[in-house]
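Chemist: Please work out how this folds:
(one chain, ligands or ions: 1)
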Amino acid sequence: MIGLLELLLIVLIILLVFGTSRLSRAAETTKAAIRVGKRRFWVTNPVTGEKELTLMTAEKELALGQRNDAEVRQKWGLYEDSRLRQYVQEIGLRVARASEQAKLSWHFSIVDDSAVNAFAAPGGYIYITRGLLAYLGTEAELAGVLAHEVGHVNARHMAKRYTREHGAQAGLWLVRVFWPAARTLSGWADKGLDMLFLRYGRDAELEADRLALGYMAKCGWDPAGLPDALTTLGRLGDAHGENNIPWLSTHPSSPDRVAALENLITRLKTQQTDTGRDSYRHYIEGLSFGAGPSSRIGFYVVRDGDSWEAITKDVGHGKADPRILAILNGYPTAKQPRAGEEIKVVLTTSTMVQ
Ligand SMILES: [Zn+2]
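Modeler: Modelled structure (predicted):
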């Protein structure tokens with residue numbers, strides 16, 4: 001017979017042999033989980049180089065980006081002009097490769113929408129509408145708008161917002177568990193495409209602007225392209241009302257940002273002044289304008305005594321707004337065009353050379 005003491009001794013030996021190995025296995029598993037968690041949720045911000053907690057992991061970012069991309073294509077469709085598409089992609093990639101995340105798989109697409117807008121989805125998907133392309137005057141302006149969006153991605157603005165909102169949601173969930181009266185509070189809804197059109201806030205916008213200037217200067221484009229594009233958008237807001245210009249409804253007022261940018265540009269002391277005006281105009285010739293394919297962007301040489309109003313009547317059969325014609329050409333609405341200058345005009349089907 002085994003005595004009580006021996007029995008205890010055997011139990012102790014079994015515990016020591018099997019128990020501790022199991023315990024150490026559990027500890028290993030926990031450690032591994034912490035290591036993976038640290039890698040996934042504790043990420044380095046490419047812009048600041050600082051570690052930050054995120055609920056939008058790289059996998060989540062890519063999955064959301066792919067889903068948003070499919071939704072954008074389905075909702076608006078992409079603008080099918082392969083020459084212009086390649087050009088926008090090429091400019092976008094040049095900017096992105098000069099940025100902190102040169103190796104990310106970036107995508108640049110033209111949305112077939114007359115609304116004036118540009119936006120980014122997680123994972124490096126950047127969009128510009130054909131409506132905004134029409135109003136830009138140079139390659140440097142295009143590079144500026146795309147660089148601003150690349151800046152948002154690199155500074156992880158959407159990921160930060162997602163983390164804040166999901167973190168708050170988790171907090172709200174806990175509150176609801178312990179405080180039933182709070183259950184009627186609205187919960188996190190899957191925002192879908194709406195999440196692409198949220199305001200990031202003034203600081204984030206200024207950060208994206210500042211980053212954009214750096215990318216542009218590195219590539220050799222005139223950084224003034226960005227404030228120039230913002231000035232045009234501000235004029236459009238004045239003519240149409242800010243709420244009718246989607247870009248303006250998600251971005252702080254333009255004069256404010258233009259002033260901040262001009263200040264930064266003087267400090268950049270860049271020698272680069274390449275605006276790429278001619279190549280940009282070459283690519284947007286024939287671009288659909290407004291609601292349908294019956295109006296397209298063309299060019300016209302201003303004659304002595306021409307006014308925006310007269311040109312609108314002669315070339316566009318009075319269908320366009322003279323103020324819009326001025327803004328399309330980077331002019332304040334009160335200033336008339338210079339004789340001899342080749343300006344952008346909106347050609348309607350009847351005025352187009354077949
Ligand atoms: Zn922005």
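
Chemist: Do I have it right that residue 152 meets residue 201?
Modeler: No - the criterion here is C-beta atoms under 8 Å, and residue 152 misses it with residue 201 at 11.3 Å. All C-beta spots, glycine's among them, are computed from the backbone N, C-alpha and C.

Chemist: For those two, indicate the residue with more neighbours.
Modeler: Using other C-beta atoms under 10 Å, the more surrounded residue of residue 152 and residue 201 is residue 152, with 20 against 13.

Chemist: separation between the closest residue in space to residue 234 that isn't next to it in sequence and residue 312?
Modeler: Distance criterion C-beta to C-beta, 6 or more residues apart in numbering; nearest residue to residue 234, sequence neighbours excluded, is residue 254 at 3.2 Å. Distance of residue 254 to residue 312, computed by C-beta to C-beta, to the nearest Å: 25 Å.

Chemist: With neighbour numbers in mind, choose between these two.
Modeler: Comparing residue 254 with residue 312 by other C-beta under 10 Å, the one with more neighbours is residue 254, at 24 against 21.

Chemist: The more buried one touches residue 248, doesn't it?
Modeler: Yes - the pair formed by residue 254 and residue 248 meets the contact definition of C-beta under 8 Å, at 7.3 Å.

Chemist: okay, and the common contacts of these two?
Modeler: 233-234, 237 (C-beta atoms under 8 Å, 6 or more residues apart in numbering).

Chemist: between those, which is closest to the ion?
Modeler: If you rank these by distance to the ion using C-beta to the ion, residue 233 comes first, at 11.3 Å.

Chemist: The helix or strand where the closest one lies close to the ion?
Modeler: Per DSSP states H and E, residue 233 falls inside helix 225-240. No - counting by C-beta under 5 Å from the ion, the ion has no neighbours in helix 225-240; the shortest distance is 10.4 Å.

Chemist: Show me what that helix is packed up against.
Modeler: Applying 3 or more C-beta pairs under 8 Å, 6 or more residues apart in numbering; DSSP states H and E, one finds that helix 225-240 makes contact with helix 130-135, helix 139-154, helix 202-219, helix 246-250, helix 254-268, helix 322-328.

Chemist: Could I get the buried residue list for that helix?
Modeler: 225-238, 240 (16 or more other C-beta atoms under 10 Å).

Chemist: Work out the gap between it and the centre of the chain.
Modeler: Taking C-alpha atoms, centre = their mean, to the nearest Å, one finds helix 225-240 lying 17 Å from the centre of the chain it belongs to.

Chemist: Next: stretch 132-150.
Modeler: How far stretch 132-150 lies from its chain's middle: 12 Å, per C-alpha atoms, centre = their mean.

Chemist: what's the distance between residue 251 and residue 258?
Modeler: Distance of residue 251 to residue 258, computed by C-beta to C-beta: 12 Å.

Chemist: which of these two has more neighbours?
Modeler: Neighbours per residue (other C-beta under 10 Å) separate residue 251 from residue 258, with residue 251 holding more: 24 against 19.

Chemist: where does the more buried one fall, phi/psi-wise?
Modeler: When read as degrees, to the nearest 10, the backbone of residue 251 gives phi -130, psi 150.

Chemist: Pull out the buried positions in stretch 290-300.
Modeler: Going by 16+ other C-beta under 10 Å, stretch 290-300 has these buried residues: 290, 295-298, 300.

Chemist: which residues sit against the helix holding residue 233?
Modeler: Applying C-beta under 8 Å, 6+ apart, the set of residues contacting helix 225-240 from outside is 116, 135-145, 147-148, 209, 212-213, 216, 245, 247-248, 253-255, 257-258, 261-262, 265, 275, 321, 323-324, 327, 330, 332-333.

Chemist: if I read this right, residue 337 contacts residue 304, doesn't it?
Modeler: No - using C-beta under 8 Å, residue 337 makes no contact with residue 304, being 11.0 Å away.

Chemist: what does the chain have sitting close to the ion?
Modeler: Selection of the chain residues close to the ion by C-beta under 5 Å from the ion yields 205, 208.

Chemist: what ranges do the strands span in the chain?
Modeler: Using DSSP state E, the strands found in the chain span residues 42-44, 51-53, 107-111, 118-121, 125-129, 288-289, 292-301, 342-348.

Chemist: Can you name the residues that contact the closest residue to the ion within the stretch 251-354 of the chain?
Modeler: When scored by C-beta to the ion, the stretch 251-354 of the chain has residue 251 as its residue closest to the ion, at 5.3 Å. Residue 251 is in contact with 199, 205, 257, counting by C-beta under 8 Å, 6+ apart.

Chemist: Count the neighbours of whichever residue of the stretch 1-150 of the chain sits closest to the ion for me.
Modeler: Taking C-beta to the ion, the ion has its nearest neighbour within the stretch 1-150 of the chain at residue 148, 5.6 Å off. By other C-beta under 10 Å, 27 other residues sit near residue 148.

Chemist: likewise residue 107?
Modeler: 18.

Chemist: I figured it hits residue 126, correct?
Modeler: Yes - the pair residue 107 / residue 126 is scored as a contact, 6.8 Å apart, by C-beta under 8 Å.

Chemist: Could you list the domains of this structure?
Modeler: What automatic domain parsing lists as the domains of the chain is 58-157+191-268, 287-351.
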